[in-house]
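Participant: after the sequence you'll find the predicted model.
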2 protein chains.
Amino acid sequence: MIERDESSENNTKKPSKVSIIFTPSGKRGDVEYGTTILDAARQLNVDLDSVCGGRAMCGRCQVQPTFGKFAKHQITSLQSNLSPPSKAELHYGEKKSLKTGRRLGCNTQILGNTLIDVPEKSQVHRQLIRKEVEPYNIELAPQLELFSIKVQQPNMHDPSGDFERLCQSLKEQYSASFSKEHSITCSLSVLRELQKVLREGSWQVTVAVHAGHFVNGIWPEYKKAMFGLAVDVGSTTLSAQLCNLKTGEVIASAGTMNPQIRFGEDLMSRVSYLMMNPDDTINMAHEVRTAVNYLAAQTTNEIGSDPSNIMDVVLVGNPIMHHLLLGIDPTELGGAPFALATDKAINTTAEELDLYFNPSATVYILPCIAGHVGADTAAVILAYNPMSTKEMTLIIDIGTNAEIVLGNCDQVLACSCPTGPAFEGAQISCGQRAAPGAIERVRIDRQTLEPSYQIIGCEFWSKDKYFDEKAKSLGITGICGSGIIEAVAELYLAGVISPDGVIDGALKKQNDRVFLDGRTYSYRLTETISITQNDIRAIQLAKAALHASFQLLMDKIGINTVDEVILVGAFGSYIDTKYAMVLGMIPDCDLRRVKSAGNAAGTGARIALLNKHSRKEIENTVKRIEKIETAVEPMFQDHFVNAMAIPHKIAPYTKLQEIISFPDPRKSSLSNEFRRQKRRGKPR
Amino acid sequence: MIERDESSENNTKKPSKVSIIFTPSGKRGDVEYGTTILDAARQLNVDLDSVCGGRAMCGRCQVQPTFGKFAKHQITSLQSNLSPPSKAELHYGEKKSLKTGRRLGCNTQILGNTLIDVPEKSQVHRQLIRKEVEPYNIELAPQLELFSIKVQQPNMHDPSGDFERLCQSLKEQYSASFSKEHSITCSLSVLRELQKVLREGSWQVTVAVHAGHFVNGIWPEYKKAMFGLAVDVGSTTLSAQLCNLKTGEVIASAGTMNPQIRFGEDLMSRVSYLMMNPDDTINMAHEVRTAVNYLAAQTTNEIGSDPSNIMDVVLVGNPIMHHLLLGIDPTELGGAPFALATDKAINTTAEELDLYFNPSATVYILPCIAGHVGADTAAVILAYNPMSTKEMTLIIDIGTNAEIVLGNCDQVLACSCPTGPAFEGAQISCGQRAAPGAIERVRIDRQTLEPSYQIIGCEFWSKDKYFDEKAKSLGITGICGSGIIEAVAELYLAGVISPDGVIDGALKKQNDRVFLDGRTYSYRLTETISITQNDIRAIQLAKAALHASFQLLMDKIGINTVDEVILVGAFGSYIDTKYAMVLGMIPDCDLRRVKSAGNAAGTGARIALLNKHSRKEIENTVKRIEKIETAVEPMFQDHFVNAMAIPHKIAPYTKLQEIISFPDPRKSSLSNEFRRQKRRGKPR
């Protein structure tokens, strides 16, 4: 299909294999020298569109060769690592125009290690970035307030500064908010605009006052709206909520991939990258700040505005993202004793972080709790504070690491737990992140051992007659976190795997979906997707780590059961809690008291944005939290080993049969309503 | 001498005259099309060296064609406005190398409006930039303090942040300076360095703490020295003093021209330039900040250090320079009611002002007093506070404008006075700024009317036999401010000019130094330097404005005499006070109580740098000062008209004859000693 340039092939000794990394997926691998980018994408399961069959006609496989450095893959040069444009590609470029630097994946051969970015338009299945906004009743008391004032004009007999007369007016016209002794200051950028704006507005202006004493915005007209942005800076994705600071309303939300992925897909590879390239801290910071700027542009554009109207920002993130965002080298967080640079909340400015918002915009970053438990967890606690009740509440935030918080009004403990990425579908043979086409629900017939499943983007089960048609258009691309959990639990319930997690090879006689796969057995879910023994082990290890961690916290407090479990994060929203309990991912408790809090970190960030008192509150709460480092707890290992079995002792509260008849909470609108009520009920 | 390129002359219609502006002198004028830069410099009295007689051999006339915009002279293009390099110039360039962009003044013809910078090395008489450091006894209490501490290492059981453990150590090891409740914060740049520095220093570090609560520097070793910079940002020159913040010692000082001169020599032309080009505010700010950066580099290099060791900065300047430095459009200061953007002190950071010092360096700018009375006057008041005594003290700071402060512990008044630049030697026919070769002292023989004079850089009077030899090497280039004052006073005392300031033409018969010069008479001081009737008028107007201003303040307080006069600024140091009194530039008082305070604004800036309490002190003092706007005072005009005569009613305190027998204070070491004592005596 591709015209090879013979001359360039004769140049020098060619490697037989070359490495390629795709962003934003972070997928990487070695391919044959000379493979086209499109073929490489297919080999590596990278989502790259193509309609014309690689004939350089449709232009759907456009990619952007880019520059990046990975911990293990230093990619520094590109030009010579790709084949020069073929005639067909040049022809396409002439007729349809190709953005500078872009190449057609089907007509570009890989001749050396390279890094390829797949633009959003070239992706068939754009990554699902969860950006849902959780309803939450927040008392509006923003750090930033608008005041409309009439300022006295200057005169020769009273040569006071314009700013001093403005302060005078504030104190006179809003004496409740500003005492006479109150010292008010302002940013230099306000000072630079002040005189012009006062005259433009004929001495009637609107000012924004931060924290009751710092003027950081001035407009010559009555200002109706002012925006704040709450951002959850995750290691894989960032999500932002744009709020109207005058009404508290969420007016737009958006999500995007974390572009730092080019420095390493998971946090630890980014840290090891920085250990070797310490000077790149600022570049890493730049990447993630660019994403925040993108979200600001995205959300403000959505409502016909622009980022210059963003006046206050709240950021949360795990400790490493927190440090990277601030431009602090996170190396210390990469190894014991995991020392944070600071565990205090940060008050800074958008300018200081290169965020192109209003020049005076302020930034608040929630405090980190410990080296593994970040400002995102602080935000979760702000949203679902265990200290607000006598009931013992367990909060679990599952990502690559899981953060666990347990306590009530008397005592709160927190720890993190190295679950690894198995729950996210990574390190699973056919695993993938949640995206259309991924298997997310699985049932195994107890008698026939035949499976039934659902994929994301299709409402039908695989047994349904309409399924095939719909599935065809999406493709069944892999199995995501919730799918693998259901698969393992159902395989256990159907007797395919034993309590110690081994696939019973004898069953191959009953159904050939059980088959010998190398030295162990696997279970074939679809023609291309199987659950291997290794997959089951990965899930066992992850769930055992999780179980051991909350068990440790329960031991510390001296309890056997918890009153409420809150599952946080995207994963929490998509999991069927009964299967989580079958695997022992949550402790034995009343399943009706297991709640999903969705984007709780985002909600906490929004609370801090809209209610200034909550900032003080969470700073005080964080000080009171007892931090547990699982690695140094002698009991952790015992708990871990004990928790490998399936199911992990489900008693005395519930019986296994009771559990598996529990309705899927994701389906029940009643349950959703209940969850909403619950949240509103929490005092702020 | 210069080879003309005939072809280029035939191009288009040539103007007969072209405009040229020289920096840093700001001298400008129109010259014939085709004039060489060297010839233009000579015609306009610009100090441009040349030794080889314009043969492109010595290279001393090197100039830098540059880019700039003046209020009335928009100079936007340059390339085509100068003749291309001649063969001789190319030859010089090949043999001796000419910096990129430089031209030889002798071989470059002016073919269009242009702006030429004369580098320091090409100036025969480098401008005298007063940078003397006035001795002053300052109690050392800097805003920034260094603490050497041992910080506890992190451990897994106590996952607190490194910064929090650092604060803990500060509180434990310096409990007198930091109470337990004391909340300590730090800059982001400290946070970025923190972890590395703590480990590099094996947990023993030095920190700099600003205002008792803000950590803005950290070093892995015992830090002996830390610098502060006090800068007086004048409209013509900037001067800086580098201080050791641990000892209070002034370790280096430097001065430089204000590069904003390219936007207008005096402040009002800069303001009118900005009225037409409001977007250039930030460029103007950039120019003056560059000069501050230059002074920082200059002073720190002098002691083998660099600006990154500067941790705290105090800046003072008149209101327009204050605004321009901060990037605030000073347009409002250009017309009534002369409203300042703010009259408060400014606390900001070096980074915010693009000053390349320590990344955490803080900046303090003293408050302005009124639209015409700036932070420089506040600094003068800080150094010589009239409120510290019962005695009535008059402070006069003469520059292009004069600022006047009058008062005692009960009451202080301040005003500014539009003297114009005559006292600085500008707007005088043969006037020039103080520089080697300028006439600075003048005597006129009462009988013969023959003059005797001294020039800067030569200790002999013109009648001395050694004078000619010395003067020859310097050249007699013009008459500076103190020279013109002495000349006018002496001409009056010798009867050459009448009390109403008219040169008596009848005297031309007695000595032909008095000669008809157009429609009025002039007095010839040297072959090329004459005092014209217009010069005398300019001095009369300036001194009348000055006199009317302090008279107004004296009226307001209700006094006829003052107890002490302090003359501030470079001009104050170089003036012979008796002549100032003859002209009525100071009120009738005991001449022994007339003091020169030299660079008092610089001293005040240094006080604020070295003593944090003084910052609060001057902020409070400034609030108490009564600001007088001379323009709206009905009596000002009367006082002004009355003060035109020479001398202005010198009585009852002193008689004219007593005055003129008073020793020149600049000569008397006793007097110098007295001045020093006096200053030390002032309580801080």
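Facilitator: Structure received. Small disclaimer: the values here were computed from a predicted structure and weren't measured.

Participant: with adjacent residues omitted, what lies nearest to A:S160?
Facilitator: Leaving aside its sequence neighbours, A:S160 sits nearest to B:D343 (Cβ to Cβ, 6 or more residues apart in numbering or on different chains; 5.9 Å). Where you see a C-beta, it was placed from the backbone N, CA and C, and this is true even at glycine.

Participant: name all residues that make contact with the one you found.
Facilitator: Counting by Cβ atoms under 8 Å, 6 or more residues apart in numbering or on different chains, B:D343 touches A:P159, A:S160, A:G161, A:E164, B:P367, B:C368, B:I369, B:A370, B:V622.

Participant: list the contacts for the fifth one?
Facilitator: With contacts taken as Cβ under 8 Å, 6+ apart, B:P367 has the following neighbours: B:D343, B:K344, B:A345, B:A375, B:A378, B:I618, B:E619, B:V622.

Participant: now swap in the first one and tell me
Facilitator: Contacts here follow Cβ under 8 Å, 6+ apart; on that basis A:P159 touches B:P337, B:F338, B:A339, B:L340, B:D343, B:A370, B:G371, B:K627, B:E629.

Participant: which members of those residues occur in helices, if any?
Facilitator: The members of those all map outside helices under DSSP state H.

Participant: got any ranges where the stretch 251-400 of chain A has weak pLDDT?
Facilitator: The model of the stretch 251-400 of chain A has pLDDT under 70 over residues A:265.

Participant: which bits of it sit near chain B?
Facilitator: A:281, A:326-329, A:331-332, A:336-344, A:346-348, A:352, A:368, A:370-371 (Cβ under 8 Å from any Cβ of the partner chain).

Participant: out of the residues you listed, which are buried?
Facilitator: A:281, A:326-329, A:331-332, A:337-344, A:346, A:348, A:352, A:368, A:370-371 (16 or more other Cβ atoms under 10 Å in any protein chain shown).

Participant: domain boundaries for chain A, per the record?
Facilitator: Split into domains by automatic domain parsing, chain A comes to A:6-122, A:144-219, A:227-368, A:425-538.

Participant: what's the first-to-last distance across the third one?
Facilitator: I take that to be domain A:227-368. By Cα to Cα, to the nearest Å, the extent of domain A:227-368 from end to end equals 25 Å.

Participant: show me how far that domain is from its chain's centre.
Facilitator: Put simply, domain A:227-368 sits 12 Å off its chain's centre (Cα atoms, centre = their mean, to the nearest Å).

Participant: same question, the first one
Facilitator: Mean C-alpha position of domain A:6-122 versus that of the full chain (Cα atoms, centre = their mean) differs by 28 Å.

Participant: average pLDDT across it?
Facilitator: Mean pLDDT, domain A:6-122: 76.

Participant: check stretch A:477-492 too.
Facilitator: Averaging pLDDT along stretch A:477-492 yields 92.

Participant: any idea whether A:R592 is helix, strand or coil?
Facilitator: The assignment at A:R592 comes out as helix when based on DSSP: H, G, I helix; E, B strand; the rest coil.

Participant: contacting residues for the residue in the stretch 451-600 of chain A positioned nearest to chain B?
Facilitator: The nearest approach of the stretch 451-600 of chain A to chain B comes at A:K556, 13.0 Å away (Cβ to the nearest Cβ). A:K556 is in contact with A:L413, A:E626, A:I628, counting by Cβ under 8 Å, 6+ apart.

Participant: so how far is the helix or strand hosting it from its chain's centroid?
Facilitator: A:K556 belongs to helix A:533-557 when assigned by DSSP states H and E. Counting by Cα atoms, centre = their mean, helix A:533-557 is centred 22 Å from the centre of its parent chain.

Participant: so which of the buried ones among the residues of the stretch 251-400 of chain A next to chain B are in strands?
Facilitator: Of these, the ones assigned to strands by DSSP state E are A:I346, A:T348.

Participant: what about A:G101, how many neighbours?
Facilitator: Neighbour count for A:G101, taken as other Cβ atoms under 10 Å in any protein chain shown: 11.

Participant: quick check: closest non-adjacent residue to it.
Facilitator: Closest residue in space to A:G101, ignoring its immediate chain neighbours: A:Q64 at 6.1 Å, by Cβ to Cβ, 6+ apart.

Participant: next up, phi/psi of A:S482, please.
Facilitator: Torsion angles at A:S482 (phi, psi; degrees, to the nearest 10) stand at phi -70, psi -30.
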